[in-house]
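Chemist: Can you look at this prediction? I've put the sequence above it.
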Amino acid sequence: MPPAAPTTGRRSGGARKAPAGNVRSWDEPALAPVVLVRGPEDLLRERAVEGVLRLARERDPETEKVELEGATYGAGMLQVAASPSLFGEAKLVVVAGAEAGTDELYADLLDYVGAPDPETTVVVVHASGQRGKKMLDTVVGSGAPVLQCDPIARDAEKADFVVRELRAARRRAEPEAVRALVDALGADLRELAAAVAQLVSDTTGIITAPLVDRYYGGRVEATGFKVADAAVAGDAGTAVALLRHALATGADPVPLVAALAMRLRTLAKVAAIRGGGVTARELGLQDWQVRNAQRDLQRWTPEGLAAAITAVAQADADVKGAGRDPVFAVERAVLTIARARRR
Amino acid sequence: MSVWDDVVGQEQAVAVLRRAATEPAAMTHAWLITGPPGSGRSVAARAFAAALQCTGSDGEDGGCGRCHQCTTTMAGTHPDVTVVATDKVVIAIDEVRDLIGTAARTPSLGRRRVIVVEDADRMAERTTNVLLKAIEEPPAHTVWVLCAPSVQDVLPTIRSRCRGVVLRVPPPEAVAELVVRRDGVDPDTALSAARAAQSHVGLARRLARDPGARERRARVLDVARRIRGVGDAVLAANELVEVAKAEAKAATEERDAQERAELMRALGVGEGETLPPRLRSQLKQLEDDQKRRATRHQRDVLDRAMVDLLSLYRDVLVVQLGAEVELVNAAEAGLVRTLAADSTPEQTIRRMDAIGTARERLEGNVAPLLALEAMAIALRPQG
């Protein structure tokens, strides 16, 4: 999911309603009477708010930050927080948790957007969901900057994030080091950011792969899919190690078995495509899935595939109550799959 | 005409129940009617309930089928006859708790209060325990009638509190006769449907009346022909699950929409209006119930498909062993003979085992697709 197109930063004027609004990426903060920060990624929302605060402090170092919480908001609180104080310093009001706000909050915000105080910056933080939609539409429609915080899902985007973090700290890293970091901590963006900060503060010079390995080696992001990949590749040792990692970090056996089943299903379907009669499109398979499966299939016999699928079905029954130990059942299935592959 | 007419091929059981309804000395307060699916457990239970309420006419009693009590019971509108069935996976504990209150009430119109639990096997252990006391010592006028596929399907504690009546598998000829009488189907179709349904009355009627059902069954059996390798097996399993899903959806969709409309009306929400947030939980509950119903329906459809396949391999085994019994799938004799020639009896038995295992796994909540894949793989030709 790429961040929304970078904009020129021009306000489209209050009179004309721009349907798309003034949407920018989270790392391009802007200062305006009302700023909306929206998107499901926690860390990015925090960064966006910090960015706005930084701009405000650049303009006026005395800027006072006031935080309001959406869920406990009472009528009039925004007005109180946003009005100029006795000493006339600028104010930045952060309305956090607007996705779970009270009805009073939305009513007050609607009023405020119509006539904002030009000296004050109000930052509305809305994670996701439909609540307060009218208020959101009005804020977007007023041309206020919208800092979009979309989740970072793909590995390439995560690597990009790491590089940007490093650049902000005026540091550089080898591409392998970045990849190793993403592999180790990619599941949680916050952890990834914390790891970068740790490396930046503890080390000097270019961050290298051995350095990352020293800090975060042995930590693996183990998902069901990675377990399945290793098992299908016939790498029993890695598969079991990954499986134990996954189980130790709280993965449930049931989805693990489902991931194994899905991987083998794709193999069997691609085998059927090779046999003729059906096309990948009919089976709803992507090109890359077919390519990967074809590569794997070179080392698989129909008999092996049959044994593997049968073992996974047994494991599913076992983890759902037919067996005594769910963990053992999955492990046995993983070993059977790895062994069923032709040497 | 009598209420017992539709209980086919169960002369012995009918005699027992009938005597209980007419002679006070032969009566007891709790009954457990067991028999294989389709043998007419729920029909027998309903007929028994009618016979218990029957006031008699033309000198006939014990279920004359003409008096007011009989007709209302059979139509399901008798105020003193409560029938509990479920179209979800299990009967909820709250439903059963309500029953206990009902059981304590005096009958309003009839002679007795009759409570029929059609799916006594679809109760969790905890739910059944709620019933124990009520079944052991009900008020003098209350009669419990529980139905289950076999005695082992209910807890021993329930079993020991009930008098058992066992239904047998009715002969196909008797089922065919019922289908001809009730639905006016020609006798040949009726008999082949009764055989294919393995004397399951409801299924036989469906197969006899609905050409679509016959075609679906033929398609399921064709799976046995089509599976040539592991790839085909996985595709065939996928198809079976998709067909079951589609069938479950078709069967429940209309009812779902209707129930939803009724709920909206009951909540006072007009057409096209949005539901206020406070009422959303009600709709959510209905949708959850509907989803559970669809799940059970899908499972039932898959289970039936597996029973059909099982009957096919049973026929294969019959041919391979040269047994002198009639084929269940006489219409598919060609396929049966091909399969019989291509495999050994040992392989056939292994395949039947695989189908049985898949049925058990489905019961045990294994992902349907995965269970069927493993089954289909076992059905592929092996050297």
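Modeler: Structure received.
Chemist: now the residue of the stretch 1-150 of chain A at minimum distance from chain B, nearest residue through space, not along the chain?
Modeler: Going by C-beta to the nearest C-beta, chain B is nearest to A:Arg131 of the stretch 1-150 of chain A, at 9.6 Å. Quick note: C-beta positions are derived from backbone N, CA and C, even for glycine. Nearest residue to A:Arg131 in three dimensions, chain neighbours excluded: A:Glu99, at 5.7 Å (C-beta to C-beta, 6 or more residues apart in numbering or on different chains).
Chemist: could you measure the closest residue in space to A:Asp155 that isn't next to it in sequence against A:Thr238, distance?
Modeler: The shortest distance from A:Asp155 to any non-neighbouring residue, by C-beta to C-beta, 6+ apart, is to A:Val182 (5.6 Å). Using C-beta to C-beta, to the nearest Å, one obtains 19 Å as the distance from A:Val182 to A:Thr238.
Chemist: Also B:Gln290?
Modeler: With C-beta to C-beta as the criterion, B:Gln290 and A:Thr238 are 44 Å apart.
Chemist: returning to that earlier point: just want to know which of A:Val182 and A:Thr238 has more residues nearby.
Modeler: Neighbours per residue, other C-beta atoms under 10 Å in any protein chain shown: of A:Val182 and A:Thr238, the larger number sits with A:Val182, 22 against 17.
Chemist: for residue 182, what are its contacts?
Modeler: I'll assume chain A. Each residue near A:Val182 by C-beta atoms under 8 Å, 6 or more residues apart in numbering or on different chains is listed here: A:155, A:158-159, A:162, A:192.
Chemist: meant chain B, my bad for not saying
Modeler: By C-beta under 8 Å, 6+ apart, the residues touching B:Arg182 are B:6, B:205.
Chemist: Relative to chain A, how far out is it?
Modeler: Look at B:Arg182 and chain A: by C-beta to the nearest C-beta, to the nearest Å, they are 40 Å apart.
Chemist: Could you tell me how far the helix or strand that residue falls within lies from the centre of the chain?
Modeler: B:Arg182 is part of helix B:172-183 when elements are defined by DSSP states H and E. Taking C-alpha atoms, centre = their mean, to the nearest Å, the mean C-alpha location of helix B:172-183 is offset from the chain mean by 18 Å.
Chemist: what's in contact with the following helix or strand past that helix?
Modeler: Going down the chain from helix B:172-183, the next helix or strand is helix B:187-196, by DSSP H and E. Helix B:187-196 is contacted by residues B:172-173, B:175-177, B:179-180, B:185, B:204-205, B:207-208, B:214, B:217, B:308, B:311, B:326-331 when judged by C-beta under 8 Å, 6+ apart.
Chemist: How about the residues of the stretch 151-300 of chain B by chain A?
Modeler: Contact residues (C-beta under 8 Å from any C-beta of the partner chain) of the stretch 151-300 of chain B with chain A: B:229-235.
Chemist: got any ranges where the chain has weak pLDDT?
Modeler: No chain was given, so I picked chain A. For chain A, applying pLDDT under 70 flags the ranges A:1-21, A:217-221, A:343.
Chemist: Let me rephrase: I mean chain B.
Modeler: B:1, B:58-59, B:383.
Chemist: which SS state does whatever residue of chain A ends up closest to chain B fall under?
Modeler: Among all residues of chain A, A:Ala272 sits closest to chain B, at 2.8 Å; criterion: C-beta to the nearest C-beta. With DSSP: H, G, I helix; E, B strand; the rest coil as the basis, A:Ala272 sits in helix.
Chemist: shouldn't it be in contact with B:Asp232?
Modeler: Yes: applying C-beta atoms under 8 Å, one finds A:Ala272 in contact with B:Asp232, separated by 6.1 Å.
Chemist: how about B:Cys147, secondary structure?
Modeler: Relying on three-state DSSP, one would call B:Cys147 strand.
Chemist: ok, which stretches of the stretch 101-250 of chain B are helices?
Modeler: Under the criterion DSSP state H, counting those that start in this stretch, helices of the stretch 101-250 of chain B are mapped to B:125-136, B:156-159, B:172-183, B:187-196, B:201-209, B:211-226, B:230-266.
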